[in-house]
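>>> Please find the sequence and the predicted model below.
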Amino acid sequence: MPRKLKSIPRFRSEEEERQFWETHDSSDYVDWSKAERVRLPNLKPSTSSISLRLPVTLLERIKVAANKRDMPYQSLIKAWLAEKVDAK
């Protein structure tokens with residue numbers, strides 16, 4: 001017999017929904033065995049601006065590396081950081 005799922009409550013804000021899902025197991029509300037993969041090609045990830053102080057010589061080396069790849073140095077920094085974080 002299939003398990004009875006709880007109904008997902010209505011949320012007044014994204015913050016309220018975020019707090020809810022941080023403290024509740026989604027498998028009580030969603031039958032993940034019926035889930036399908038989807039592509040969201042126009043989805044723009046949320047970003048946050050940071051200030052990062054680098055030695056001038058390091059920044060110059062990064063800019064040279066970015067120039068060789070014909071890309072903005074900020075994009076190269078993001079790519080390198082993502083690569084390093086994802087490395088196992």
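Received the coordinates, thanks.
>>> Every contact and neighbour count from this point should use C-alpha atoms.
OK.
>>> Model confidence for residue 1, exactly?
At residue 1, the pLDDT value in this model is 62.
>>> Give me the buried positions along stretch 67-82.
Within stretch 67-82, the residues that count as buried by 16 or more other Cα atoms under 10 Å are 73, 76.
>>> Could you tell me the average pLDDT over that stretch, please?
Stretch 67-82 carries an average pLDDT of 96.
>>> mind saving the C-alpha coords of it as PDB?
C-alpha atoms of stretch 67-82 as PDB (Å, rounded to 0.1, in the frame of the first residue of the first chain):
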ATOM      1  CA  ASN A  67      43.900  37.000 -21.200                       C
ATOM      2  CA  LYS A  68      45.500  33.900 -22.600                       C
ATOM      3  CA  ARG A  69      42.100  32.200 -22.400                       C
ATOM      4  CA  ASP A  70      40.400  35.200 -23.800                       C
ATOM      5  CA  MET A  71      38.000  35.600 -20.900                       C
ATOM      6  CA  PRO A  72      37.400  38.100 -18.100                       C
ATOM      7  CA  TYR A  73      39.700  37.600 -15.100                       C
ATOM      8  CA  GLN A  74      36.600  37.500 -12.800                       C
ATOM      9  CA  SER A  75      35.200  34.600 -14.700                       C
ATOM     10  CA  LEU A  76      38.500  32.800 -14.500                       C
ATOM     11  CA  ILE A  77      38.600  33.300 -10.700                       C
ATOM     12  CA  LYS A  78      35.000  31.900 -10.400                       C
ATOM     13  CA  ALA A  79      35.900  28.900 -12.600                       C
ATOM     14  CA  TRP A  80      39.000  28.100 -10.600                       C
ATOM     15  CA  LEU A  81      37.200  28.400  -7.300                       C
ATOM     16  CA  ALA A  82      34.400  26.100  -8.500                       C
END
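>>> Give me the distance between it and the centre of its chain.
18 Å (Cα atoms, centre = their mean, to the nearest Å).
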